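> Mind folding the following:
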Amino acid sequence: MRVVSVGGGPAGLFFAILLKKADPRHEVEVYERNRLDDTFGFGVVFSDATEEALAHGDRETVAAMAAASHRWDDIEVHYRGSTLTSTGHGFSGLSRKSLLAILADRCRSLGVRLCFEREIADPEQVRGADLVLAADGANSAVRERYRDRFRPEVDVRPNRFVWFGTTKPFPAFTFYFKSDDHGLWRVHAYQYDRTNATFIVEAREETWRAAGMEGASEGETIAFCERLFADELQGHRLLSNRSIWRSFPTIRNEKWSHENVVLLGDAAHTAHFSVGSGTKLAMEDAIALVEALGAQADIPAALHAYEAARRPAVESLQRAAQASLQWFEDTERYMNLDPLQFSFALLTRSLRVTHQNLQVRDPKFVAAVDGWFAGEAARRAGTAPAAAPAPAAPARALAAPAPAPPPLFTPFRLRGLLLPNRVAVSPMCQYSAEDGVPNDWHLVHLGSRAMGGSGLVFAEMTNVSSEARISPGCTGLYNPEQAAAWGRIVKFVHGTTPAKMAIQLGHAGRKASTRRSWEGDNEPLPSGNWPIVAPSAIAYYPHSQVPKEMTRADMDAVIADYVRATGLAIEADFDMLEIHMAHGYLLASFISPLTNRRADLYGGPLENRMRFPLEVFDAVRAAWPEERPMSVRISAVDWYPGGHGPEDAVGVARMLQAHGCDVVDVSAGQTVPDQRPIYGRLFQTPFADRIRHEVGIATMAVGNISSYADVNTILAAGRADLCLLARAHLWDPYWTRHAAYELNYPLPWPDPYESLNNYKPRFT
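Okay, here's the model as predicted:
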C-alpha cells in the first residue's frame, strides 16, 4: 500500500512509524512544507496514562520521548497572594522540536520517505496514492480543499492567548492569576526540558484590548508581558517563536474521510491547550487508523472503522476541553472564592478529575478542601461541624483527629429548613395517579428514596388543576382528597427518616392533555382531551392540540389555582415548595421567546415575558409560610436558535431572587420538540455554576449526575449547593446509603433496620 501524509507533525510522523512497523512493505511518504524544526510553540505535555497508551503503539519512540522529557507530579496555583500545591498528577513536558526530531529519526530508521520544505499545493496531486492523510494541522489545506465533503465547523473562542518560552524553571505545572489595571491575566507554565519552559499568557478580549495589545508587535507583546510578570519570571526573559496573540479555534468535522482522504489530528479536531491534548489526540488518531487498516479488508471499511472507533473518545475529550476552556474564559467569576476552593475548582474544571480520583492522587489536599467545606457548611447552617469516623488507632496511641465529612454529607440551610445532606431526589413524573390522587405506588416510590438516605425528596410535578395535568395519570393538588393522600406520604417520610419533603407545583400549558410517557411522550390523547391554554396559540407538535391564547381572566384563574394548591401543600405539611417554570410547560412557555409571541405586556423583552411567572411566584410566596423555602425550576437554555439562552437564565434568576426565591433548580431544554441539545456527563451543571456565581443565589444542579464522586466534586468546587439525581435514584433508591458506605461515612438506619448499622455488605 502506498500512503502519502500531507503534513509532517506528530500525527503524520507517528502514523508513518506505526504503519511501517506493521508491514515494512508499505510505501509511506511524508510531505511537510516547513523545515523539521520550524514549529509553533515550545513544549508539549503528556500524562503518564497517555505515555503508556502511546507505548503500546511503539515503545522505542516513547522511550526516546521519556529520555528527553522533564517530569513532575505537582500542580501549583498562585491566586490572591497565596500558593497552593497539589501532588500526584504524573505529567511530563517535552520540547516540541525534540519530539519532532525523535519521530523523524524513527521514521528514517524504518524507511519512511520524509520530504521537508515540500508543499503539496493541491492534494489532487497525490490522490493516486492508496491513502492520503490530511495531517496538516488546524489550518488544513487538504480539509479546505474538500470542505463540502468534510463539512468542518470552527468555533473561535473569545479569549486571547500568546505562547512564549522562558528560561525560568518551574518545579510544577504552574498557574498564575494576576490582575492589573486592565483586568485579569492567566498564565499556564510548565518546564519541558532541563533549561526551558512554556509560558502561555491568556486574557479576556476586553482585558487584552484595554492593555493595548490589539495592535502590539511581537516585541511589544514580549516587553509588556515581561513587565507584567516581572515578579513571577524573577529576572528570566521570555522567548519568542511566532509569539503573537491568537484566539483558540475548536474544530469539529461532520465527516473524517472522503474517498481515500482521511483527517488526523488538528485537521480533524482540536482540544483547548488547557487540557494539553492536541498532540495526544493526534498520536492516538494514528494508532487507531493503523489498527483499522490492519483489521479491515479494504480502505473504505478501514476509514469507517477508524472514525467509528475514535470519534466517541475525541468528542468526550472535546467536551472536557470545552468545560476547561470555559472555566478559563470565566475565571473572573471565581475570583472571590477561598484559595482552597478556587484551586479545587481549577483542578476539576474539565469534569474529568473528580473529588474521588483527586483524593487518590493527593489525599492531604482533598482533606484540607473537605475540612474547609465542612466548616463553611456548618457555619452557614448554624450547626456544629459533623465528622466522619476516625480510623482505628493503635493501642496507647493518640487517636487521629476525625476527618471532615465528604461534601455531600454536610448540612444545608434554606430559611428555617435544615437539610441533613446535599443529595435530593429529583421530581420524576410517575403517571400512576387516579384523578390526580397519589396512591401506594407514590408512597413506596417516595418513601423508599427517603429511606435510602437522601436529604430532600421531591414529589413529582403536581398539577394545580385538573386541566393543568400533563396526562390522566398525573398527580394533582386541587382538592382535599389529594391533599390528604399527599399528607399520608409526607407523614411517613417525616416519621421514619430525617429526609425533608418538597412539592413541585406546575401547569402543563400547551403540553397538557397528552398520553402517559410510555404510551407516547408528549403525544396528544386519542380521545377525551380537555381544553389547554398557553401564552400563544402554538401547538407543541403540528398534530398536537392547539392551545387557547390566555386572557387576563385566564391568568387570574391560574394564579388562583396556584394559591389554592399552596394552601393544600401546607395542609399536607410539605417542607419546601417549588414552582415549575421549565421544560416548556405553562410558565416556561411564557419565558421562552420560541413559545411566547404575545404583543401585550406579557410578551416581547424578557422583563415582560417574566411578568406572569413572577405574578404566580409572588402569589404563592405570599401564601406559603415565611419560614419555609421556595425554589423555582428553570430551563437555562432552549437549545434552539432564537430561544432562551444561558445569559437569559442569569436574568431570570436575578428577577426570582429579587422576589424572594431561595434556590434555583437549574435544568434545560424540552421547550420545543426539535431542540438541539448537547448532552454529556454533568451537561447542565455549568448553568447552575454560572447562576450561582453571577447572581449570588443558591442553585441545585441536575442532569446526568450519577456518582457520589461527581456530587462531591460539584459541591466542593462551588458549582451548586444541592445535587438532584433522577435516574440514579430510580435505579438505586438507596443511592445515598451506598455512597455513605463507599465513603466510610456513618449514616444510621431507621430503628427497624438497626441491625444494618454493623452490617458489612459484599457486592462481589
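
> rest of the way, CA atoms for contacts and neighbours
Will do.

> mind listing what L725 touches?
423-426, 702-706 (Cα atoms under 8 Å, 6 or more residues apart in numbering).

> Identify the bridge partners of it.
V425 (DSSP bridges).

> R422 versus that one, what's the distance?
11 Å (Cα to Cα, to the nearest Å).

> CA atoms only: put the longest strand anywhere in the chain into CSV for me.
What stands out as the longest strand in the chain, according to DSSP state E, is strand 152-166. Presented in CSV, the C-alpha positions along strand 152-166 are these (Å, rounded to 0.1, in the frame of the first residue of the first chain):
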residue,chain,number,x,y,z
PRO,A,152,-16.0,21.4,9.2
GLU,A,153,-17.3,23.6,12.0
VAL,A,154,-14.9,26.1,13.7
ASP,A,155,-15.8,27.7,17.0
VAL,A,156,-13.3,30.6,17.5
ARG,A,157,-13.2,31.2,21.3
PRO,A,158,-13.2,34.8,22.7
ASN,A,159,-10.2,34.7,25.0
ARG,A,160,-6.8,35.8,23.6
PHE,A,161,-3.6,34.0,24.3
VAL,A,162,0.1,34.2,23.4
TRP,A,163,2.6,31.4,23.6
PHE,A,164,6.1,32.1,24.9
GLY,A,165,9.1,30.2,26.1
THR,A,166,11.2,31.1,29.1
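
> strand partners of it, parallel vs antiparallel please.
If you go by DSSP bridges, strand 152-166 pairs up with strand 197-203 (antiparallel), strand 238-239 (antiparallel), strand 246-253 (antiparallel).

> Rebuild the ones you listed as CSV, extending it with mean pLDDT.
Shown next, in CSV, are the strands paired with strand 152-166 (pLDDT from 0 to 100):
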stretch, mean pLDDT
strand 197-203, 96
strand 238-239, 95
strand 246-253, 97
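
> Out of those strands, which is the most enclosed?
When the strands paired with strand 152-166 are scored by mean count of other Cα atoms under 10 Å, the highest mean neighbour count falls to strand 197-203 (a mean of 24).

> Quick check: bridge partners of T699?
Going by DSSP bridges, T699 forms beta bridges with V664.

> neighbours around it, how many?
Counted by other Cα atoms under 10 Å, the residues lying close to T699 total 29.

> again with W327
By other Cα under 10 Å, 19 other residues sit near W327.

> Next one: the closest residue to it other than its chain neighbours from D710, what distance?
Of all residues not flanking W327 in the chain, R349 sits nearest, at 6.4 Å (Cα to Cα, 6 or more residues apart in numbering). Separation of R349 from D710 (Cα to Cα) stands at 12 Å.

> Could you do P542 as well?
40 Å.

> who's more crowded, the two?
The residue with more neighbours, out of P542 and D710, is D710; 22 against 8, by other Cα under 10 Å.

> Which residue, neighbours along the chain excluded, lies closest to the more buried one?
T354 (6.3 Å).

> which SS class is E615?
Secondary structure state of E615, per DSSP: H, G, I helix; E, B strand; the rest coil, is helix.

> what's it in contact with, if anything?
In this structure, E615 makes contact with I559, judged by Cα under 8 Å, 6+ apart.

> distance of it from A622?
Taking Cα to Cα, one finds E615 at 11 Å from A622.

> can you check S589 too?
23 Å.

> same question, Q684
Distance from Q684 to A622, by Cα to Cα: 31 Å.

> Reformat the contacts of L725 as a markdown table; add distance to W72, neighbour count and pLDDT.
Output for the contacts of L725, formatted as a markdown table (distance: Cα to Cα, whole Å; neighbours: other Cα atoms under 10 Å; pLDDT from 0 to 100):
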| residue | distance to W72 | neighbour count | pLDDT |
| --- | --- | --- | --- |
| V423 | 37 | 26 | 98 |
| A424 | 40 | 29 | 97 |
| V425 | 42 | 28 | 97 |
| S426 | 42 | 27 | 96 |
| V702 | 36 | 25 | 95 |
| G703 | 36 | 21 | 90 |
| N704 | 34 | 19 | 88 |
| I705 | 32 | 23 | 93 |
| S706 | 32 | 19 | 90 |
